[in-house]
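In: Predicted model follows, preceded by the sequence.
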Amino acid sequence: MVSNGRRVVVTGIGMVTPVGLDVESSWEAIREGRGGVGPITLFEAGTFATRIAAEVKGFDLSRDLGAAAERWSRHSRSTRFALAAASQALRGSGLLDGPAFDPTSLGVYLGAGEGQANFPRFVELIGKSSVGGRVDTGRFTSQGTSVLEPLHETEQEPGSPAGHLAAAFGATGPNMSCLTACSASAQAIGEAADLIRDGAAEAMLAGGVHSMIHPFGLTGFILLTAMSRRNDDPAHASRPFDRDRDGFVLGEGAGMLVLESLDHARARGAEILGEVAGQASTADAFRLTDSHDEGRGAVASMQNALNDAGLNPEDVDYVNAHGTSTKVNDSVETLALKHALGDHARRIPVSSTKSMTGHLIAAGGAVEAIIGLLAIRDGVVPPTINLEEPDDDCDLDYVPKAARDRALDVVMSNSFGFGGQNTTLVMRRFRG
């Protein structure tokens, strides 16, 4: 049903992506169709079936935190990405600047994955625990206390980044974290908006962070046969909706939004960047890795989000698709869009920015929600690069190769995850 709660607006955004270290550099690359996929450099991947990824390059936390970055130097890549994106968003919002700032009114809600594993230490531990070629569990336990580092182990907890952000920025309001695979950060934004609607918080730092570009992360997706093996041509490996797509490309990064009740934002004279008009989450209740054949969860997610926003399909001007570049996802999402939006699905642009950023897993939904807001701001529909020849099942307007100028008021952003998790956000131009 349509929410009767308070209106929720966006007053700050920040992101760290494989195509840029902040919002404007990332958005410029996306508008220009520049991708961030290349050979893996974070570890030696020469023996892996997939040896490419979309890495964040040239990252330095001091760029956003200054001297305070030293405190976080030994924390995980995910934590440092989260801190950078959050700092950008909060600085842009001006929320912490006023003397009347109440830390109890600010909460944190992240969709976050596990921290980046210290693979060399794990290999060392296995070596010291092995007897006659087999791992002795007793030795594993006893050696673990001397080989593994407590800080690195606590960074594996998906809830750690949310706690770190609260400590870094003095947010003593609600603190939450979810890990619903690839829909996690979109779900975090939607549920953070609901907390504000319901009066449980005045402001929320919401978004996501993830880096799975490590041996464990890569191995898992290779075993699921979900990743592209276009190792000799990484720039063209992520190709959503294309007939020759062979899987997604793993990415990393963070996206953060400052959400506020409209009254709170107005009271402090904040610049309003857009509005979270509606959101919904559903489950396929089908299989772990495959979407339902008819996209029933995705259809319900889109329809429920529009209903929550009090909008009709005809009100949607652009869809930022989940668009992973896997055979099943792209075909089923296309079918779901037709069911959810009817004939209107053929009249509006639909694109996948994962063609440039790769798949940021738990962070993807937040980054793509920000992209939706920027598309509204600038009247630019980002492209789906590498789309040479659409698959027969993928017959919508996917904005191939180049961005397109178009006035936008309402953007829908889809995030569909392993396990049948679905979240749709509806972002709208703010009109007082």
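Out: Nice, I can see it.
In: ok, how many other residues are close to the residue nearest to residue 202 when sequence neighbours are not counted?
Out: Excluding its sequence neighbours, the residue lying closest to residue 202 (C-beta to C-beta, 6 or more residues apart in numbering) is residue 105, at 4.0 Å. Glycine gets a C-beta too; all of them are placed from N, C-alpha and C. Using other C-beta atoms under 10 Å, the number of residues around residue 105 comes to 18.
In: Report the contact partners of residue 105.
Out: Applying C-beta atoms under 8 Å, 6 or more residues apart in numbering to residue 105 gives the contacts 173, 201-203, 264.
In: pLDDT wise, what is the residue nearest to residue 236 when sequence neighbours are not counted at?
Out: Spatial nearest neighbour of residue 236, excluding adjacent residues (C-beta to C-beta, 6+ apart): residue 386 at 4.9 Å. In this prediction, residue 386 carries a pLDDT score of 98.
In: Check residue 370 too.
Out: Listed pLDDT for residue 370 reads 98.
In: what are the ranges of the strands in the stretch 1-150 of the chain?
Out: Shown for the stretch 1-150 of the chain, the strands assigned by DSSP state E, counting those that start in this stretch span residues 8-16, 38-39, 52-53, 106-112, 130-131, 134-135.
In: so which of those is the most packed in?
Out: Stretch with highest mean neighbour count among these: strand 106-112 (a mean of 30; mean count of other C-beta atoms under 10 Å).
In: Neighbouring strands of it in the sheet, and parallel or not?
Out: According to DSSP bridges, strand 106-112 forms sheet pairs with strand 175-178 (parallel), strand 203-211 (parallel).
In: Return the most buried member of those.
Out: Of all the strands paired with strand 106-112, strand 203-211 carries the top mean neighbour count, a mean of 34, counting by mean count of other C-beta under 10 Å.
In: I'd like the average pLDDT over that strand.
Out: 97.
In: Dump it to PDB, keeping only the CA atoms.
Out: Taking C-alpha atoms only, strand 203-211 is exported to PDB below (Å, rounded to 0.1, in the frame of the first residue of the first chain):
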ATOM      1  CA  ALA A 203      18.500  11.100   9.200                       C
ATOM      2  CA  MET A 204      20.200   7.900   8.100                       C
ATOM      3  CA  LEU A 205      23.600   7.200   6.400                       C
ATOM      4  CA  ALA A 206      22.500   4.400   4.100                       C
ATOM      5  CA  GLY A 207      24.300   2.500   1.400                       C
ATOM      6  CA  GLY A 208      26.700  -0.400   0.900                       C
ATOM      7  CA  VAL A 209      30.200  -1.600   0.500                       C
ATOM      8  CA  HIS A 210      31.900  -4.800  -0.700                       C
ATOM      9  CA  SER A 211      35.100  -6.200  -2.100                       C
END
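In: from the chain's centre, how far out does that strand sit?
Out: Offset of strand 203-211 from its chain centre (C-alpha atoms, centre = their mean, to the nearest Å): 9 Å.
In: And the contacts of the following helix or strand past it?
Out: Sequence order places helix 215-223 as the next helix or strand after strand 203-211, per DSSP states H and E. With contact meaning C-beta under 8 Å, 6+ apart, helix 215-223 is reached by 40, 43, 45, 48-50, 53, 117, 119, 211-212, 227, 248, 250.
In: In helix 215-223, which residues are buried?
Out: When burial is assessed from 16 or more other C-beta atoms under 10 Å, helix 215-223 yields the following buried residues: 215, 217-218, 221-222.
In: relative orientation of it and strand 203-211 in degrees?
Out: Comparing the axes of helix 215-223 and strand 203-211 via axes from the mean of the first three to the mean of the last three C-alpha atoms, to 10 degrees yields an angle of 80 degrees.
In: So which elements touch the helix or strand sitting right after helix 215-223 along the chain?
Out: As assigned by DSSP H and E, the chain's next helix or strand after helix 215-223 is strand 252-261. Under the contact definition 3 or more C-beta pairs under 8 Å, 6 or more residues apart in numbering; DSSP states H and E, strand 252-261 sits against strand 8-16, helix 77-93, helix 184-197, strand 203-211, helix 364-378.
In: most tightly surrounded among those?
Out: The densest packing among these, expressed as mean neighbour count by mean count of other C-beta under 10 Å, is seen in strand 203-211 with a mean of 34.
In: Tell me how far stretch 7-20 lies from the chain's centre.
Out: Centroid separation between stretch 7-20 and its chain, computed with C-alpha atoms, centre = their mean, is 11 Å.
In: Now compare the buried residues of helix 215-223 and name the two farthest from each other.
Out: 215 and 221 (11.5 Å; C-beta to C-beta).
In: Give me the distance between the residue of the chain most remote from its centre and residue 139.
Out: Largest separation from the mean C-alpha position in the chain: residue 132, at 44.1 Å (C-alpha atoms, centre = their mean). The spacing between residue 132 and residue 139, counted by C-beta to C-beta, to the nearest Å, is 12 Å.
In: Now do the contacts for residue 294.
Out: By C-beta under 8 Å, 6+ apart, the residues touching residue 294 are 332, 335-336, 339.
In: mind running it again at 7 Å?
Out: Shown in contact with residue 294 (C-beta atoms under 7 Å, 6 or more residues apart in numbering): residue 335.
In: can you tell me the helix or strand for it?
Out: Take DSSP H and E as the rule and residue 294 turns out to sit in neither a helix nor a strand.
In: Against residue 336, how distant is it?
Out: Distance of residue 294 to residue 336, given as C-beta to C-beta: 8 Å.
In: re earlier: of the contacts of residue 105 - the most surrounded one?
Out: Neighbour-wise, the contacts of residue 105 (other C-beta under 10 Å) top out at residue 203, 29 neighbours.
In: tell me the contacts of that one?
Out: If you count contacts by C-beta under 7 Å, 6+ apart, residue 203 has them with 95, 105-106, 258-260, 264.
In: what bridges to it?
Out: Applying DSSP bridges to residue 203 gives these bridge partners: residue 106, residue 260.
In: Now do it against residue 47, distance only.
Out: Here the criterion is C-beta to C-beta. By it, residue 203 lies 47 Å from residue 47.
In: related to what we said a few turns ago, going by distance to residue 420, which of the contacts of residue 105 wins?
Out: Within these, distances to residue 420 taken as C-beta to C-beta reach their minimum at residue 201, with 29.1 Å.
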